[in-house]
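[1] Give me a model of this one.
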Amino acid sequence: MGLFDRLKDAIQPAAGNARDPERAQRIAAAVLMLEMAHADNNHDPAEYDMIRRQLSAHFGLESGEVEELMTAAAPEAESAVSLYEYLKTLNEGLDEREKREVLEMLWRVAYADNELDAHEEALLRELSDLLYLPHAEFMKAKFAVTGEST
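    Residues are numbered from 1 along each chain as shown. Below is the predicted model of the structure:
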């Protein structure tokens with residue numbers, strides 16, 4: 001890899017890294033989950049634990065890989081002005097079923113503290129729309145997650 005490529009990779013957001021689309025999708029999902037955890041302005045440890053569990057279960061990652069992914073995604077989530085690039089990565093790389101799985105992960109993060117804040121629900125609705133999921137899929141994802149705890 002030449003100097004130009006290394007510089008380009010250093011300034012290009014990781015979610016936009018076309019060289020490893022699977023990693024870009026993982027980072028995009030992690031960024032969205034971090035955004036969900038921050039939506040209620042309450043940084044509950046249960047939400048971060050849920051993010052780690054979701055990353056591990058959904059992507060089949062070991063603990064060290066999850067921490068590496070969280071380390072890569074955290075600064076992106078903090079500095080992101082828009083979620084467009086992350087949503088674009090997911091929309092281009094996932095089918096409807098896979099996007100619904102991401103939405104289910106987001107619902108699990110929102111409910112991790114046993115409370116659904118109005119800001120979290122609004123963000124869930126917005127992300128569902130931006131993932132081009134029909135309202136029926138939004139509701140299926142919600143019921144899939146809320147039915148897990150009953």
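
[2] Only the buried residues of stretch 132-148, if you could.
    Within stretch 132-148, the residues scored as buried using 16 or more other CB atoms under 10 Å are 133, 137-138, 141-142, 145. Placement of C-beta: from N, CA and C, glycine included.

[3] just those residues now: which is nearest L61?
    Lowest distance from L61 to the buried residues of stretch 132-148 (CB to CB) belongs to V145, with 20.4 Å.

[4] And the helix or strand where the closest one lies, what does it pack against?
    In this structure, V145 sits in helix 135-146 according to DSSP states H and E. If you count contacts as 3 or more CB pairs under 8 Å, 6 or more residues apart in numbering; DSSP states H and E, helix 135-146 packs onto helix 96-111, helix 118-130.

[5] Out of those helices, the one nearest P45 is which?
    Nearest of the helices and strands packed on helix 135-146 (CB to CB): helix 96-111, 12.2 Å.

[6] Pull the CA coordinates from that closest one and hand them back as PDB.
    Taking C-alpha atoms only, helix 96-111 is exported to PDB below (Å, rounded to 0.1, in the frame of the first residue of the first chain):
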ATOM      1  CA  GLU A  96     -34.400  -6.500   3.900                       C
ATOM      2  CA  ARG A  97     -34.000  -9.400   6.300                       C
ATOM      3  CA  GLU A  98     -30.500  -8.400   7.300                       C
ATOM      4  CA  LYS A  99     -31.600  -4.800   7.800                       C
ATOM      5  CA  ARG A 100     -34.500  -5.900  10.000                       C
ATOM      6  CA  GLU A 101     -31.900  -7.800  12.100                       C
ATOM      7  CA  VAL A 102     -30.000  -4.600  12.500                       C
ATOM      8  CA  LEU A 103     -33.200  -2.900  13.600                       C
ATOM      9  CA  GLU A 104     -33.800  -5.700  16.100                       C
ATOM     10  CA  MET A 105     -30.300  -5.100  17.500                       C
ATOM     11  CA  LEU A 106     -31.200  -1.400  17.800                       C
ATOM     12  CA  TRP A 107     -34.400  -2.200  19.700                       C
ATOM     13  CA  ARG A 108     -32.400  -4.400  22.100                       C
ATOM     14  CA  VAL A 109     -30.100  -1.600  22.800                       C
ATOM     15  CA  ALA A 110     -33.000   0.800  23.400                       C
ATOM     16  CA  TYR A 111     -34.600  -1.600  25.800                       C
END
